[in-house]
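J.: Fold the following and give me the result.
(one chain, ligands or ions: 1)
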Amino acid sequence: MLKNKEGQRVPDVKFRTRQEHRWLDLSSSDIFAGKTVVAFCLPGAFTPTCSSSHVPRYNQLAPAFFANGVDEIVCISVNDAFVMNEWKDNQRADNITFIPDGNAEFTAGMGMLVGKDDLGFGKRSWRYSMLVKDGVIEKMFIEPEVEGDPYETSDADTMLKYIAPDADKPLSVSILSRRGCPHCARVKQLMADSGIEYEELILHRDYSDRSLRAISGASTFPQIFIDGRHIGGADALEAWFVSKVAA
Ligand code: BEZ
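T.: Numbering: from 1, shown residues only. Prediction:
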């Protein structure tokens, strides 16, 4: 039975991190003292759910967390410092501090160390998140104790809703573009002027003409998608901005 530790202090341990090719030991105090920290803890670096959802969404929502009183977001896993550093780079998760709990002392102290021998993983962290203020755990979201690797409550959206139910969340924007296309330059400028972050997918590097037609039903550039909705091209995006201002 995994215990909720709300109201208690986080375990006092030493983390062996690597920074600039040198060992740098961080204590729990270095990470948590005098700060408001969101920590999310997961079973392993480079594993599918952790890489495709858990880390990216915390990284994407980081500005909303920071705007609502959170000083730092940390990701803790029972992995060594080299693996955690590679994973951070690979994820381009610049807003998150990756903490290696290689000896599992923090995870064991939290009562969250579980056997994943069936996967050949040995002992790992159960998936959970917590809001920690000056070293004291205010809130925990622990995944239900069911078979496998549930991912229902420790996600970034649930934590942000707890901290700031009305927080503005950044839009998820993708632009399918083509090199040298003036309308693509126009929409990127529009996004930049509006302070909206976007991901750009470039024809023949990230997708093909066939995929453009399959995804958008169009064969012109750019094609813009926002929060799961196909907006269309540059003119449609301008109309979308006008409708947002009017709303
Ligand atoms: C996952 O993140 O998908 C995962 C984590 C631990 C074991 C297997 C998969």
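J.: Okay, domains of the chain per the record?
T.: Per automatic domain parsing, the domain ranges recorded for the chain read 14-163, 173-246.
J.: Now for this protein, the helix or strand with the poorest mean pLDDT.
T.: helix 234-246 (a mean of 91; mean pLDDT, DSSP states H and E).
J.: Return that one as CSV; C-alpha atoms alone will do.
T.: Only the C-alpha atoms of helix 234-246 are listed here, as CSV (Å, rounded to 0.1, in the frame of the first residue of the first chain):
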residue,chain,number,x,y,z
ALA,A,234,-2.5,31.9,-43.6
ASP,A,235,-5.8,33.7,-44.3
ALA,A,236,-7.7,31.2,-42.1
LEU,A,237,-5.2,31.9,-39.3
GLU,A,238,-5.8,35.7,-39.6
ALA,A,239,-9.5,35.0,-39.4
TRP,A,240,-8.9,32.9,-36.3
PHE,A,241,-7.0,35.7,-34.7
VAL,A,242,-9.9,38.1,-35.5
SER,A,243,-12.4,35.8,-34.0
LYS,A,244,-10.3,35.4,-30.8
VAL,A,245,-10.1,39.1,-30.4
ALA,A,246,-13.8,39.5,-30.9
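J.: Give me the distance from it to the chain's centre.
T.: Computed by C-alpha atoms, centre = their mean, to the nearest Å, the chain-centroid distance of helix 234-246 equals 29 Å.
J.: so what does it touch, helix or strand wise?
T.: On a contact count with 3 or more C-beta pairs under 8 Å, 6 or more residues apart in numbering; DSSP states H and E, helix 234-246 meets helix 182-193, strand 223-226. Yep, even glycine has a C-beta here, placed from its N, CA and C like the rest.
J.: Quick check: neighbours of the last one in the sheet, parallel or antiparallel?
T.: For strand 223-226, sheet partners with direction are given as strand 173-177 (antiparallel), strand 229-232 (antiparallel), following DSSP bridges.
J.: hmm, back to that, ok, which of the helices and strands packed on helix 234-246 comes nearest Gln8?
T.: For Gln8, the closest of the helices and strands packed on helix 234-246 is strand 223-226, at 41.8 Å, according to C-beta to C-beta.
J.: who touches that closest one?
T.: Residues from elsewhere that reach strand 223-226 (C-beta atoms under 8 Å, 6 or more residues apart in numbering): 171-176, 187, 212, 215-216, 230-233, 236-237, 240.
J.: Helices of the chain, residue ranges please.
T.: For the chain, helices defined by DSSP state H occupy the ranges 28-32, 48-49, 55-67, 81-91, 105-109, 156-163, 182-193, 209-216, 234-246.
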